[in-house]
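# let me see the structure of the following:
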Amino acid sequence: MHKMTINVLGTPYTVETGDIGREELRENDAVCRIEDKAIILRHAREMSDNLASDEGVKRRYAHVIRHELVHAIARECGVQYGDDEALVDWVAHIAPIVMQLQGEVLKHEVANGPDYNN
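Numbering: from 1, shown residues only. Take a look at the predicted model:
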């Protein structure tokens, strides 16, 4: 089991990897326990079937981590939709797309200089 602490908007959260035998992971790949500020994740290989490629396992694991972080961030911000699984999953799904597009814009700005005059 791996365990670490992260800072979610000023609140420490414990993040740990657990085994599938844990009660809270029986039906979920991960959980964000708001009451004790903990995110519990299955091991990456347990989130995908054994036929998944290493890249597929990494993508799934990263998505699950983002999903649980969105829950934690929403709760710490006081956002009421933090329990809406469909919305949280959508935000977790589009976050890398937004980051990629932001990177493209920033790369263009660095290459061409930002336009602060308009």
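# from here on, just use CA atoms for contacts and neighbour counts.
OK.
# the helices in this protein, which residues?
54-77, 85-112 (DSSP state H).
# would you turn these into JSON lines with distance to residue 37, mean neighbour count and mean pLDDT?
Shown next, in JSON lines, are the helices of the chain (distance: least, Cα to Cα, whole Å; neighbours: other Cα atoms under 10 Å; pLDDT from 0 to 100):
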{"stretch": "helix 54-77", "distance to residue 37": "8", "mean neighbour count": "18", "mean pLDDT": "92"}
{"stretch": "helix 85-112", "distance to residue 37": "17", "mean neighbour count": "13", "mean pLDDT": "91"}
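# so for residue 26, which of the ones you listed sits nearest?
Closest approach to residue 26 among the helices of the chain (Cα to Cα): helix 54-77, 15.1 Å.
# got the angle for the closest one vs helix 85-112?
In terms of direction (axes from the mean of the first three to the mean of the last three Cα atoms, to 10 degrees), helix 54-77 departs from helix 85-112 by 100 degrees.
# make 755 the first number, not 1, from now on.
New numbering, starting at 755: the last item is helix 808-831.
# who touches helix 808-831?
With contacts defined as Cα atoms under 8 Å, 6 or more residues apart in numbering, helix 808-831 is touched by 762-763, 765, 783-786, 788, 791, 793, 795, 798-799, 801-802, 834-837, 842-843, 845-847.
# kindly give a single PyMOL line that selects the buried subset of those residues.
To isolate the buried ones among those in PyMOL, judged by 16 or more other Cα atoms under 10 Å, type:
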select buried, resi 762+783+784+785+786+791+793+795+798+799+801+802+836+842+843+846+847
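# the contacts of helix 808-831 in strands, which ones?
Among these, the members found in strands (DSSP state E) are 762, 765, 784-786, 793, 795.
# and which of the residues you listed is nearest residue 859?
Nearest to residue 859, judged by Cα to Cα, of the ones in strands among the contacts of helix 808-831 is residue 762 at 26.7 Å.
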